[in-house]
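Colleague: only geometry, no sequence info:
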């Protein structure tokens, strides 16, 4: 048992060294923050609330950038494994750590750590941007509440859930990358599937079918975690929606892990 844990620690260090020394990784990590905050600030700048009131979900508006930042997360996660197939380094990795499930688990742990760190910074900065920008556009806090305060339960849930959403996107993308191997194809899948479901939901005229597509969509269902108003009108409860994305991520990791185990490098 001691030998196994020593091997895991050594592999963690090796994977961290690979991620840390690849120039693209640090830029993608920074890109998660920059893109998320920039899009969130832009969204907060273009909405207005007249004196008669408006129906905007303020936390959700301030976290709009998560929908775009997830693309950077997906690219980072795919490249974490498909990049090794492109360079042939995967053979060295699997020689050093023959337990292939452990290889994928270590990559997943490091990616989750990186994504949670970047996601937390991005989400907090997005909320701060919304708190600074939205009052100038007519938004005012409800009596007894601060505007976009983490002391408010629904806002805290939207913020924490958005960080978890990004981490689950990373795991989903890692699983797809492990299964597909090719960087371009894997990135196309992890970017296309969430947005495709969203487009199909918006285009479907049949209300029952549209509701079903919403409920199984990794992006639509997952981002329900950001909703803080009119929850009864949403096809899924916030945490249930995040659970849908978790199921997609688990399925992708399972498929990627099985293919990594039984397929030649």
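Modeller: Nice, thanks for sending it over. Bear in mind that the values here come from a model prediction, so they are computed numbers and not experimental data. Numbering: from 1, shown residues only.
Colleague: Helices along the chain, start to end?
Modeller: 2-21, 23-46, 58-62, 66-87, 89-96, 100-133, 153-180, 183-203, 207-216, 218-222, 238-262 (DSSP state H).
Colleague: For the ones you listed, could you give me CSV that also reports mean pLDDT and distance to residue 228?
Modeller: Just so you know, the C-beta spots here come from the backbone N, C-alpha and C atoms, and that holds for glycine as well. Converted to CSV, those look like this (pLDDT from 0 to 100; distance: least, CB to CB, whole Å):
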stretch, mean pLDDT, distance to residue 228
helix 2-21, 58, 35
helix 23-46, 91, 15
helix 58-62, 94, 5
helix 66-87, 86, 14
helix 89-96, 63, 43
helix 100-133, 91, 12
helix 153-180, 95, 4
helix 183-203, 90, 20
helix 207-216, 92, 18
helix 218-222, 95, 16
helix 238-262, 93, 9
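Colleague: In a markdown table, list these along with distance to residue 147 and mean neighbour count.
Modeller: Shown next, in a markdown table, are these (distance: least, CB to CB, whole Å; neighbours: other CB atoms under 10 Å):
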| stretch | distance to residue 147 | mean neighbour count |
| --- | --- | --- |
| helix 2-21 | 37 | 13 |
| helix 23-46 | 11 | 18 |
| helix 58-62 | 7 | 25 |
| helix 66-87 | 19 | 23 |
| helix 89-96 | 48 | 14 |
| helix 100-133 | 6 | 20 |
| helix 153-180 | 9 | 25 |
| helix 183-203 | 28 | 17 |
| helix 207-216 | 29 | 15 |
| helix 218-222 | 25 | 26 |
| helix 238-262 | 20 | 18 |
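Colleague: how about those in TSV, adding distance to residue 52?
Modeller: As requested, those are exported to TSV (distance: least, CB to CB, whole Å):
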stretch	distance to residue 52
helix 2-21	51
helix 23-46	19
helix 58-62	16
helix 66-87	28
helix 89-96	60
helix 100-133	21
helix 153-180	23
helix 183-203	28
helix 207-216	30
helix 218-222	30
helix 238-262	28
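Colleague: Of all these, which one is nearest residue 232?
Modeller: Closest approach to residue 232 among these is made by helix 238-262 (12.1 Å; CB to CB).
Colleague: Of the helices of the chain, which is nearest residue 139?
Modeller: Using CB to CB, the nearest of the helices of the chain to residue 139 is helix 58-62, at 6.2 Å.
Colleague: what does that closest one rub up against?
Modeller: Outside helix 58-62, the residues within contact range by CB atoms under 8 Å, 6 or more residues apart in numbering are 40, 43-44, 47, 126-127, 129-131, 134, 139, 147-148, 154-155, 158-159, 226-228.
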